[in-house]
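K.L.:
Next one to model:
(2 chains)
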Amino acid sequence: MTLAVFLTLAIASVIFALIMVLTKNPVHSVIFLLLTFFAIAGQYVLLNAQFLAVVHIIVYAGAVMVLFLFVLMLLNLNTEAEPRQTARWKLAAALASGMLLLTIVGALRGGAELPIPETSDPHVGLVKNLGRVLFTDFVVPFEIAGILFLAAMVGAVLLAKREIR
Amino acid sequence: MLDVVKTVPIDYYLWLSCALFCIGVFGVLIRRNALVVLMCVELMLNAVNLLLAAFSTYLSDAQGQILVFFIMVVAAAEAAVGLGILVMIFRNTHTTDIYLLDKLRG
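P.N.:
Residues are numbered from 1 along each chain as shown, chains lettered A, B, ... in the order given. Modelled structure (predicted):
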């Protein structure tokens, strides 16, 4: 049952990602990337990483993709006006990424022999546990992430603002 | 013990993440719209996130999921700044075609 759910989500995410890459219309790209993200969120739920699943939905589906969609509409790019690559370039891109896939798969073969512990703690991905780790062991990186967000916010506002003359 | 740890081998997560990452690379190479290229970068980040979360659950170590959280933070900041730059580029050149963005090339 779990394996079936995993395989369904995996195949769905790969198919959605392929459609997202291959479709001509940027708006369709955004929507299929959103569907891919939902499939990945399903994987997080399957892994009992509840905190990550919720944050993933809120951050990616709720914030990042809406931002992308907004910019797409703002710049009036929601047409199929994107110039296409030449056939030779497409072939080269497919070859390059396919060979990268082969290389990574070849390098990572033998994952079944990895020492996975027989008894694992199923509560590792819950908010309680992650919050405890985040605010004890990782409290300094957490604060630095806050500063990073502040810098990104100021930078984004400064970049997107029209210059006042 | 989680059901998924017993029934799904960790290999499957490795292959899935590799496939998603390589689709992202393919998209970066094949698309000419800078916005879609940024989206493909997000897909690659998510492939890595998925693998980190899977290993974190399989080894019952919370640090992997904390790392995923920080990657999400950086990805959100990156998307905001990247889109800001993109809006500015569009304002100056009236296009987001990456082929016309080679002005820095000597």
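
K.L.:
Check the gap between A:Phe142 and B:Phe21 for me.
P.N.:
In this view, A:Phe142 and B:Phe21 are 27 Å apart by CB to CB, to the nearest Å. Where C-beta positions appear, they are placed from N, C-alpha and C, glycine not excepted.

K.L.:
same check, this time on A:Ala151
P.N.:
For A:Ala151, the distance to B:Phe21 - CB to CB - is 28 Å.

K.L.:
between those two, which one's more packed in?
P.N.:
B:Phe21 (23 against 12; other CB atoms under 10 Å in any protein chain shown).

K.L.:
Grab the nearest non-local neighbour of the residue nearest in space to the middle of chain A.
P.N.:
Of all residues in chain A, the one closest to the mean position by CA atoms, centre = their mean is A:Phe37, 6.0 Å from it. Spatial nearest neighbour of A:Phe37, chain neighbours left out: A:Tyr60 (4.7 Å); criterion: CB to CB, 6 or more residues apart in numbering or on different chains.

K.L.:
residue contacts, the one you found?
P.N.:
A:Phe37, B:Glu42, B:Asn46, B:Met72 (CB atoms under 8 Å, 6 or more residues apart in numbering or on different chains).

K.L.:
And the host helix or strand of the third one, what does it pack against?
P.N.:
Think B:Asn46. Under the criterion of DSSP states H and E, B:Asn46 resides in helix B:34-58. Helix B:34-58 makes packing contacts with helix A:2-22, helix A:26-46, helix A:50-56, helix A:65-74, helix B:3-7, helix B:10-30, helix B:63-93 when contacts are defined by 3 or more CB pairs under 8 Å, 6 or more residues apart in numbering or on different chains; DSSP states H and E.

K.L.:
Taking helix B:10-30 as reference, get the angle to the second one.
P.N.:
The reference is to helix A:26-46. On the basis of axes from the mean of the first three to the mean of the last three CA atoms, to 10 degrees, helix A:26-46 is oriented at 160 degrees to helix B:10-30.

K.L.:
Just the buried positions in helix A:26-46, please.
P.N.:
A:26-27, A:29-46 (16 or more other CB atoms under 10 Å in any protein chain shown).

K.L.:
And the fifth one, by the same measure?
P.N.:
The neighbour-count check on helix B:3-7 (16+ other CB under 10 Å) flags B:Val4, B:Val5 as buried.

K.L.:
So which elements touch that helix?
P.N.:
helix A:2-22, helix B:34-58.

K.L.:
from these, which stretch is densest packed?
P.N.:
Most buried of the helices and strands packed on helix B:3-7 by mean neighbour count (mean count of other CB atoms under 10 Å in any protein chain shown) is helix B:34-58; its value is a mean of 23.

K.L.:
gap between that one and the chain center?
P.N.:
How far helix B:34-58 lies from its chain's middle: 4 Å, per CA atoms, centre = their mean, to the nearest Å.

K.L.:
Kindly report the same for stretch A:130-147.
P.N.:
The gap between where stretch A:130-147 is centred and where its chain is centred comes out at 22 Å by CA atoms, centre = their mean.
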